[in-house]
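K.L.:
can't give you the sequence, but here's the structure:
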């Protein structure tokens, strides 16, 4: 499993927003400045988090982003999959998939992906605060 820069930024943003104690929305500019993230790229990262129902986007002069649910109800798996798509045990070998070695390797990589999904599902955003 490889964590992309987009996923890392998504996690930083979610933690930053979760740490905000007031009811005011956190702007993308605040997040970008606090974590040295290019704001234009951050906006592209925040969009799927809103689409996945993890964040609310607030429009207007006091606009920004707020968690859609309490941090204790948001898993790291949800954040990762919102940005990267479903985690799978991807293997690319010779592409035939018929050889016993390839089948065994595919099973091993799928088992590893399943374990990663399980661990990420157990880790709540609130654990990162």
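P.N.:
Ah, there it is. Being a predicted model, the structure only gives us computed values, none of them experimental.
K.L.:
Pull the distance from the helix ranked longest in the chain to the chain's centre.
P.N.:
If you go by DSSP state H, the chain has its longest helix at helix 100-122. Averaging C-alpha positions (CA atoms, centre = their mean, to the nearest Å) puts helix 100-122 19 Å from its chain's average.
K.L.:
and if you look at stretch 39-50?
P.N.:
Using CA atoms, centre = their mean, the mean C-alpha position of stretch 39-50 is found 11 Å from that of the whole chain.
K.L.:
Residue 66 in helix, strand or coil?
P.N.:
Secondary structure, DSSP: H, G, I helix; E, B strand; the rest coil: residue 66 is strand.
K.L.:
picking up where we left off before, going by neighbour count, which residues in the longest helix of the chain are buried?
P.N.:
Neighbour counts over helix 100-122 (16 or more other CB atoms under 10 Å) mark 109, 113, 117, 120 as buried. (C-beta placed from N, C-alpha, C; glycine too.)
K.L.:
Now that we have these, can you turn them into a markdown table and tack on pLDDT and distance to residue 126?
P.N.:
Shown next, in a markdown table, are the buried residues of helix 100-122 (pLDDT from 0 to 100; distance: CB to CB, whole Å):
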| residue | pLDDT | distance to residue 126 |
| --- | --- | --- |
| 109 | 86 | 31 |
| 113 | 90 | 25 |
| 117 | 95 | 19 |
| 120 | 97 | 14 |
